[in-house]
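Participant: quick check, what structure comes out for this input:
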Amino acid sequence: MGQATQDICVGVSMALTILSIICVALRLYTRIFIVQNAGKDDYAMVFALLFTVAYLVAIFILRDNGMGFSGKVLELEQMLHQIQATLAIEIVYYLIINAIKISILFFYLRIAAQKRFEYLCKGTIYFLVTFGVVCVILPLHRMWDLTGQVQGHCINTTAFFYTTSAINIIADIWILLLPITTLLKVQRPRREKFALVIIFSLGTFSCIASIVRLYSVGIYTESRDPFFDSVPINVWSMVEINVGILCACIPATKALFSKAQRHRTQNGSYQYHSRERSVMKSHGHGSGKSNSNDNGHEDAAEGPTGTVIRSELYELKDVESGDHQQFGTRKQEDGGGAWRVSDSDLDEQRLVWPESRV
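Facilitator: This is a model prediction of the structure:
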């Protein structure tokens, strides 16, 4: 039975890691060569992938030292190597899982149109960084000391695994729900809005994998023979990690499969800044005429009878470089609501709400 469980663990881990490598490669190709707008979210994902490969290497080390076999048939050296590999996996796992979440949050910051949403994303990033540091147990060599000669002590591993797994699941759900309000406010056709919600909901699969992994954590930490019961937790850890990578990469590769998207400007990392605004009260029936200011930019367009149209020049600020580019005008009907950008080159006429202006 030990050999069979080994084969399952190695097979699943290899297949999923290869899929992750392909997805991250497609993501990087899209961001670097198509939209030419690689950012922090991509770097964080590369970081996660590198350590996922390291996790796979640790799986091979476990296999070569009797993973899935009872400790009764293992040699002392094999058990020592398994404990060392398990410690490495523990550290690598928390680095990976937090890097994936941070990558998703950096992606959210690309589309952040409200300061509140931006602050929530940044606050979550700071929390995850702190959480990742706390998850590293010191002194590290204490865990593979079988003689008890190393000074120092470690926290209760059962409580530690349960607590960190629970926090991880809560963080998954929080990150999954974080952009819902923003998505619901996007003024796009219902079909497109539904597609956006589906794409951002892919993280549900990662949440499910995290919950199943929590069950495997119980099997491992409460086992009388952890060497024998080490396979399920590693299988579900690899599933959780790689499903997270796959789900996080799919939205970033949209331009690769959209011909129209390839020809659009790289505005995903831009923020709007107001230059000036004019207000006009239109009379009679809308004629479709527009007024122009001294700079040649449209100030206001006539709308239906009695409506007030606000129109202002805007510029886009590159979040990465800080460069500014002035593009044209945006409009808002009386009563507030979303500003509609009039420049057709902008991706899907990106909408920004008044409270989000800098």
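Participant: buried ones in stretch 242-256?
Facilitator: Neighbour counts using 16 or more other C-beta atoms under 10 Å place 242-250, 252-253, 255-256 of stretch 242-256 among the buried residues. For the C-beta atoms, the positions are set from N, CA and C on the backbone; glycine is no exception.
Participant: can you give me the mean pLDDT across that stretch?
Facilitator: Stretch 242-256 shows a mean pLDDT of 88.
Participant: what is the end-to-end distance of it?
Facilitator: End-to-end span of stretch 242-256 (C-alpha to C-alpha, to the nearest Å): 21 Å.
Participant: I would like the residues contacting that stretch, please.
Facilitator: 16-17, 19-20, 23-24, 26-27, 29-31, 34-35, 41-42, 45, 48-49, 52, 97, 100-101, 103-104, 107, 199-200, 202-203, 205-206, 209, 261-262, 264 (C-beta atoms under 8 Å, 6 or more residues apart in numbering).
Participant: make a markdown table out of the buried residues of stretch 242-256 and add distance to Thr158 and secondary structure.
Facilitator: Below are those laid out as a markdown table (distance: C-beta to C-beta, whole Å; DSSP: H, G, I helix; E, B strand; the rest coil):
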| residue | distance to Thr158 | secondary structure |
| --- | --- | --- |
| Asn242 | 26 | helix |
| Val243 | 25 | helix |
| Gly244 | 24 | helix |
| Ile245 | 28 | helix |
| Leu246 | 30 | helix |
| Cys247 | 29 | helix |
| Ala248 | 30 | helix |
| Cys249 | 34 | helix |
| Ile250 | 35 | coil |
| Ala252 | 37 | helix |
| Thr253 | 40 | helix |
| Ala255 | 46 | helix |
| Leu256 | 44 | helix |
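Participant: please flag which of the contacts of stretch 242-256 sit within helices.
Facilitator: Under the assignment DSSP state H, those contribute 16-17, 19-20, 23-24, 26-27, 29, 41-42, 45, 48-49, 52, 97, 100-101, 103-104, 107, 199-200, 203, 205-206, 209, 261-262 to helices.
Participant: what subset of the residues you listed is buried?
Facilitator: The neighbour count (16+ other C-beta under 10 Å) marks 16-17, 20, 23-24, 26-27, 41-42, 45, 48-49, 52, 97, 100-101, 103-104, 107, 200, 203, 206, 209 as buried among the ones in helices among the contacts of stretch 242-256.
Participant: what mean pLDDT does stretch 86-101 get?
Facilitator: The model assigns stretch 86-101 a mean pLDDT of 93.
Participant: next, the buried residues of that stretch.
Facilitator: 86-101.
Participant: what of stretch 66-77?
Facilitator: 66-69, 74.
Participant: among those, which pair sits farthest apart?
Facilitator: Greatest spatial distance among the buried residues of stretch 66-77 (C-beta to C-beta): Gly68 and Leu74, at 10.5 Å.
Participant: returning to what we had before: distance to Cys121 added to the buried residues of stretch 242-256, as CSV?
Facilitator: Compiled in CSV, the buried residues of stretch 242-256 are given as follows (distance: C-beta to C-beta, whole Å):
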residue, distance to Cys121
Asn242, 24
Val243, 22
Gly244, 17
Ile245, 19
Leu246, 21
Cys247, 17
Ala248, 14
Cys249, 19
Ile250, 19
Ala252, 16
Thr253, 21
Ala255, 22
Leu256, 25
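Participant: sounds good, over and out.
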